[in-house]
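Peer 1: fold the following for me, if possible:
(one chain, ligands or ions: 1)
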Amino acid sequence: MVDEEDLQFHEEYMNEKDPSILHFLLASGDDVSSKQLRDDLMTMLIAGHETSAAVLTWTFYLLSKYPNVMSKLQAEADAVLGDGLPTIDDVKKLKYTTRVINESLRLYPQPPVLIRRSLEDDMLGEYPIGKGEDIFISIWNLHRCPKHWDDADVFNPERWPLDGPNPNETNQKFSYLPFGGGPRKCVGDMFATFETVVATAMLVKRFDFQMAPGAPPVEMTTGATIHTTKGLNMTVTRRIKPPVIPNLEMKIVSDSEGSTSSTASGEGQQVEVSTSQV
Ligand code: HEM
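Peer 2: All right, here's what the predicted structure looks like:
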């Protein structure tokens, strides 16, 4: 049944020659106007671009303030990714990186405020709400509320165990809403998590990030997302693998021509040291 549905969905909406979002949107309705198409594309672009960019910005800001978290992150990226490009299975193994993104989204939710308009007169708990009134839900305050969180303002990815479920609105009893909740929940939440986890792991694997000397203090400007008022000036340094110092525990192999080579494991990498007589 599911297989049949999958096949039908694939036939109707997907086109291998034109796998664009535009094609997908065109195929998803019988009578899609140009305006509707333009609006949908804009939603995808803005909802999916600005948000992820802001998450990465604040994640790297937080990492520069918490070098111990950065070290653990780099150790995980080294161990899981090695020198290759990440596969989907690797991404599932980047559990600490995922917790870093979860925690970054708690401290800097994008957008920081959600808005709802009341369709009719109603009561919200003890508060009367009139028809047509707008209700602002401050995710920022919810995510930093000391009633819900220990050390609410501290960046602590360890607050969620690695072997536990990925935090979301239901398992956190609606005290954690990085992607909203209910019928208007973000449609790109899985994609966004994968995207930010992969980007973070790939970047920290190759580079160290520190606040640039003399950089202006990082302040916030709030719009649809939370921006840094004057950018985020960082010094980015290529990471260098620690040198391998041969020791007696290394396996020494010599060939008939007198060349020797030794192998050892160090800092998450398998290394080989060779010497040749000339
Ligand atoms: C880390 C990145 C992202 C964050 C933090 C985020 C957050 C959110 C939030 C909180 C909402 C709910 C808004 C509300 O309830 O009023 C939302 C809705 C939405 N998001 Fe995302 N989003 C992200 C990435 C993406 C991506 C990558 C896409 C598309 C590829 C996307 C597409 C959408 C769309 C279309 C909606 C509107 C859903 C609706 O109203 O039915 N988002 N997003």
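
Peer 1: alpha carbons only for contacts and neighbour counts from here, please
Peer 2: Fine.

Peer 1: from R117, how far out is the residue most central in space within the chain?
Peer 2: Taking C-alpha atoms, centre = their mean, the centroid of the chain lies closest to T196, which sits 2.8 Å from it. Separation of T196 from R117 (C-alpha to C-alpha, to the nearest Å): 31 Å.

Peer 1: now swap in L25 and tell me
Peer 2: From L25 to R117 the distance is 27 Å (C-alpha to C-alpha).

Peer 1: got the residues of the stretch 1-150 of the chain near the ligand?
Peer 2: T43, M44, A47, G48, T51, S52, V55, Q110, P111, L114, I115 (C-alpha under 6 Å from any ligand atom).

Peer 1: the second one: neighbouring residues, count only.
Peer 2: Residue crowding around M44 was assessed by other C-alpha atoms under 10 Å; the count is 14.

Peer 1: just the element for it, please.
Peer 2: Assigned by DSSP states H and E, M44 belongs to helix 34-65.

Peer 1: average pLDDT for the next helix or strand after that helix, rounded please.
Peer 2: Remark: after helix 34-65, the chain's next helix or strand is helix 67-81, criterion DSSP H and E. In this model, helix 67-81 carries a mean pLDDT of 96.

Peer 1: and L177, how far is that from D83?
Peer 2: 35 Å.

Peer 1: also S175?
Peer 2: From S175 to D83 the distance is 38 Å (C-alpha to C-alpha).

Peer 1: repeat for R239
Peer 2: 13 Å.

Peer 1: ok, Q110 next?
Peer 2: 32 Å.

Peer 1: all strands of the stretch 101-250 of the chain, in order?
Peer 2: Here the stretch 101-250 of the chain has its strands, by DSSP state E, counting those that start in this stretch, at 113-117, 122-124, 127-129, 134-138, 207-211, 220-222, 226-228, 234-238.

Peer 1: rewinding a little: and the angle for the helix holding M44 with strand 234-238?
Peer 2: 80 degrees (axes from the mean of the first three to the mean of the last three C-alpha atoms, to 10 degrees).

Peer 1: what comes up buried for helix 34-65?
Peer 2: Along helix 34-65, these residues count as buried under the neighbour rule (16 or more other C-alpha atoms under 10 Å): 47-48, 50-52, 54-64.

Peer 1: now the two most distant members of these.
Peer 2: A47 and S64 (26.5 Å; C-alpha to C-alpha).
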